[in-house]
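**Q** Using only what follows, build the 3D model:
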Amino acid sequence: MRKAKREIAEPEQIAAVLGRCDTMRIGVLDGAEPYIVPVSFGYEVTGGKISVYFHGALEGRKYDLLKKGPRVCVEADRCLGFVENGHGGLTCDYESVIGWGNAELLQGGEAEKGIRLLLAHCGFPEFCCSPEVTAITAVFRITLDTVCGKHRNLRG
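**A** Next comes the predicted model:
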C-alpha cells in the first residue's frame, strides 16, 4: 500500500468496515474476462480470519463460474463524501476492504448459518427463511486468506 497511514490491518477493524457496508462486489474470471457481481452479504471473524457469506440461485452465470473456478476477489466500500484536498483539488473520504479467497458452496447447517449472518447484517436478524426457499438457494462462504482495508477521512 502506497500510503501506510491509510491502511486498516486488524481483522476486527476490517470487520467493522464491513459492518458499515451494505454491498460487496465479487470478482471472478469468466475465461479471460473478469466478471463482477454485487451481492448482499454477511460476515464473521473466527480465529483472526474473516469469512463472508452470500447467496444466489442454484443456476446462472455467477453459480456456474464459482463452481468452475472458485478463486475470487471481493471488494466493499463506503463513500463518505467529497472534500477539498488542500492542494487545489477534490478528493473522496472513504473506507474500503479488498480480499481474496475461495468461494465454497455450503450445505445444511453451514448454509443456514450463512443465511442467518446475511440476514442479520442486512437488518433482519429475526427473519427465518422457509425450507422451500433454502432448498432453492445457493449459499457460499469465502474465507479471506488475504485481506486489507483502507480509509481516508480529512474531516475527522
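**Q** before we move on, which element is residue 17 in?
**A** Assessed by DSSP states H and E, residue 17 sits inside helix 11-20.
**Q** The helix or strand just after that helix: partners in the sheet, and parallel or antiparallel?
**A** The first helix or strand that comes after helix 11-20 along the chain, using DSSP H and E, is strand 24-30. Strand pairing for strand 24-30, using DSSP bridges, gives strand 33-39 (antiparallel), strand 71-84 (antiparallel).
**Q** contacts for the shortest one?
**A** Taking Cβ atoms under 8 Å, 6 or more residues apart in numbering as the criterion, the residues outside strand 33-39 that touch it are 23-29, 54-56, 61-62, 65. (C-beta placed from N, C-alpha, C; glycine too.)
**Q** Just the closest of those to residue 78, please.
**A** residue 23 (9.8 Å; Cβ to Cβ).
**Q** pretty sure the closest one contacts residue 40?
**A** Yes - assessed by Cβ atoms under 8 Å, residue 23 is found in contact with residue 40 at 6.8 Å.
**Q** More neighbours: the two, which one.
**A** Comparing residue 23 with residue 40 by neighbour count (other Cβ atoms under 10 Å), the higher total belongs to residue 40, at 15 against 12.
**Q** distance of that one from residue 86?
**A** Using Cβ to Cβ, to the nearest Å, residue 40 is found at 37 Å from residue 86.
**Q** again, but for residue 145
**A** 38 Å.
**Q** Looking at those two, which one has more neighbours?
**A** Comparing residue 145 with residue 86 by other Cβ under 10 Å, the one with more neighbours is residue 145, at 11 against 8.
**Q** Not counting its neighbours along the chain, what's nearest the more buried one?
**A** residue 101 (5.2 Å; Cβ to Cβ, 6 or more residues apart in numbering).
**Q** Do I have it right that that neighbour meets residue 142?
**A** Yes - using Cβ under 8 Å, residue 101 makes contact with residue 142 at a distance of 4.3 Å.
**Q** These two: who's more crowded?
**A** residue 142 (26 against 21).
**Q** Isn't the more buried one up against residue 104?
**A** Yes - taking Cβ under 8 Å as the definition, residue 142 is a contact partner of residue 104 at 7.3 Å.
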